[in-house]
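> Generate a structure from the sequence data that follows.
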Amino acid sequence: MITRIWRLIKSFFASLTSSSPLQEPVLPQTETTVNPPEKQAEKDETTEDHHHTTIPDLPDDQVSTPEQPSPGPSPRVKFASLPANNGDTLLIGFEDTEGKSHYIWIDGGLVKSYQNYHKDFLRQMYDAKVLIDLMVITHVDQDHIGGILAFCNDASIPKDWISRFWFNSGVLLNTFFNQPPDPSRTIALPDTGDKSRSLAQGISLEGFLEKNGSWHTQPIMKGQVHELTGAKISILSPSQEGLAKLNREWQEELESTRAVVSYDYDQSLEDLAAKKEDPDTSIPNGSSIACLFEYGGVTMLLLGDAHGPVVGESLRELGYSPENRLKADVVKLSHHSSKASNTHEMLDLVDGKYYIISTDGSRHGLPNKEAMARIILHPQRDKSRELVFVFNHDNETLRSIFTEAEQQAHNFSLIFPEPGKQGVELNWGGN
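Below you'll find the model as predicted:
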C-alpha cells in the first residue's frame, strides 16, 4: 500500500504540469541510530480492515540500494517534503511488521497550498481508503496551520480516515493551565467561498476536532514519548514554559507580524559561519511541536519552527552530546532554515545526512544561508562525507544561495525538484 500511495503522489504532482511525476531520488541506506522497533502493537480490527492493505513488492527502481547490508530485515520507510509555498508540509509513510502501511501528515502550508497542491491528493488518499494515522499541526502560524484549516473546512472530503490530530490550541492550553474558558481563542475555519463544499459558517477548528473525536486532551510537549504502530516519536518541543508564554499572550501573538529580512546569499560561508547568533524568541515558534521519529533504523529530526535551545536541551536529555551526536537520516531544519532557530547549541548535537529546506524563498529572507553555513563548516563534520540539502521548491532565489565553487570546495550538494516536478521524496528499506 505504501507503494500505491507514493504512486498517487507521483501521479498527482504530474497532473499539475505536462511533465513526468514527482522526483524520486534513489538513496542509499544510511547509518542507523536506533535498534529495530519492538513488536507491533495490536490495532483496532475495523480500522485495519477498512483502511490498510498489504504492501506489494516495490519495483527495482523504487527500492534504495544500501551501501552496506542492514543487520536484519529493513521495513520500507518513505519521506516527502511537499510544496507548501513559504510553509511546511511533510508526509511520512512506513510499513509495520505485518506489512501494513501507516502515514503521518505534518502541517499544511498556507490556505492556498491546500487549494493548489494538497486537496486533490488528499482526495485520492481518501478514495483509496488509506488511513492517515496522525495529522500534526505544529503551531498556530499561518504557513503551517492554514492548509489544514482549509482541509478541515472542506466538506467534500470526509475526515473519518484521519485517526488522530495533534494540535496545542488556545482552548486546550486554557484548560491545561486552569484558566476559565475563553471563546475568543477558538480558531475559525477559513471561508472558502463555496458554501456547498464548506462546513457551516462559524465552525471552529477546535469544534471540528472535538466533533471528530480524534483530538488529544493534554498538550503535546517536551519529554513525552509516543508509540505509533512500532514507530517511536520523542517530543523535543515545546516546553511547558513555551506553552505557558503562548497561553499568556495568545491573542497578541496571533496578530503579530514579523519584520522583513534581506537575503544573505551574497556573503561567503566563512563570514556567515563566524557571525554571532541571535536566537529566536518568537512565542508562537517557541510553542512549535518538534520531534524525533525513529523506525526500522531510520531516524528523522522534524523541527517545525522550534527554538534551537529547547531542541538542544531535549537532545541532551536523550543522551546526545557533542561527543555523541545524533546521526539522523533526515533533518527538517527549523523555521525554513532560519539562522535564529538553527543554533550552534542544537547543531553541535546533530550529524545529519539530508537537510530539508521547506520554503519557496518568498518571505522573511528565508532560507538563511547562515544557518546552512553552520552545518557545512561545523568543526566536527566529517568532510569526506557529502552533505545534501533538499529543497521542496525550485526557483531562481533558491538556486542563488550557493555557488558551484562552494559546493565543490566543501563537499555538499543540492537536490531540487526536477523541471516541471514538485516536491521531493526520499526512500529507505526493502531488504
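
> Wait, Phe389 touches Ile415, no?
Yes: with contact defined as C-beta atoms under 8 Å, Phe389 counts as touching Ile415 (7.2 Å). Quick note: C-beta positions are derived from backbone N, CA and C, even for glycine.

> more neighbours, the two?
Phe389 (23 against 20; other C-beta atoms under 10 Å).

> Quick check, pLDDT for that one.
Note for Phe389: predicted pLDDT of 98.

> cool, and Lys159?
For Lys159, the pLDDT comes out at 89.

> Tell me how many other residues surround it.
19.

> Pull the contacting residues for the spatially closest residue to it that is not a sequence neighbour.
Residue nearest to Lys159 in three dimensions, not counting chain neighbours: Asn212, with 5.7 Å by C-beta to C-beta, 6 or more residues apart in numbering. By C-beta atoms under 8 Å, 6 or more residues apart in numbering, the contact list for Asn212 reads Lys159, Asp160, Ile162, Phe165.

> could you dump those residues to TSV with distance to Gly242 and secondary structure?
Below are the contacts of Asn212 laid out as TSV (distance: C-beta to C-beta, whole Å; DSSP: H, G, I helix; E, B strand; the rest coil):
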residue	distance to Gly242	secondary structure
Lys159	29	coil
Asp160	32	coil
Ile162	26	strand
Phe165	20	strand
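
> Tell me the spacing between the closest residue in space to Thr343 that isn't next to it in sequence and Arg381.
Distances taken as C-beta to C-beta, 6+ apart place Gly308 nearest to Thr343, at 3.2 Å, with adjacent residues excluded. Distance of Gly308 to Arg381, computed by C-beta to C-beta, to the nearest Å: 17 Å.

> more neighbours, these two?
The neighbour comparison of Gly308 against Arg381 (other C-beta under 10 Å) goes to Gly308, with 26 against 17.

> Give me the contacts around whichever strand or helix holds Leu91.
Under the criterion of DSSP states H and E, Leu91 resides in strand 90-95. For strand 90-95, contacts defined as C-beta under 8 Å, 6+ apart pick out 1-2, 5-6, 9, 55, 75-82, 101-107, 231, 293, 295-296, 298, 300, 302, 332, 356, 358.

> Just to be sure, which of the residues you listed are found in strands?
Per DSSP state E, strands hold the following members of these: 77-81, 101-106, 231, 293, 295, 298, 300, 302, 332, 356.

> buried subset of those residues?
Those of those that meet the buried threshold are 77-81, 101-106, 231, 293, 295, 298, 300, 302, 332, 356, by 16 or more other C-beta atoms under 10 Å.

> Run a quick check on Val298 versus Val77, I expect a contact.
Yes: with contact defined as C-beta under 8 Å, Val298 reaches Val77; the gap is 4.5 Å.

> Identify the contacts common to those two.
With C-beta under 8 Å, 6+ apart as the test, Val298 and Val77 both reach Phe94, Trp428, Gly429.

> Quick check: phi and psi on the residue nearest to Thr343?
phi -60, psi -50 (degrees, to the nearest 10).

> Hmm, it is touching Lys339, no?
No: counting by C-beta under 8 Å, Lys339 is not a contact partner of Gly308; they are 9.9 Å apart.

> Poorly predicted segments of the chain, please.
1-74, 191-203, 251-261, 430-431 (pLDDT under 70).

> Which parts of it are strands?
Ranges of strands within the chain are 77-81, 90-95, 101-106, 134-136, 165-166, 225-228, 231-237, 290-295, 298-302, 326-332, 350-357, 387-391, 412-415, 424-428, based on DSSP E.

> and the closest residue to Ser384 other than its chain neighbours, how far is that from Asp382?
Among residues not flanking Ser384 along the chain, Asn411 sits closest, at 7.4 Å (C-beta to C-beta, 6+ apart). Going from Asn411 to Asp382 by C-beta to C-beta gives 9 Å.

> Looking at these two, which is more packed in?
Shown here are Asn411 and Asp382; by other C-beta under 10 Å, Asn411 has more neighbours (14 against 10).

> wait, what's in contact with that one?
Lys383, Ser384, Arg385, Glu386, Leu387.
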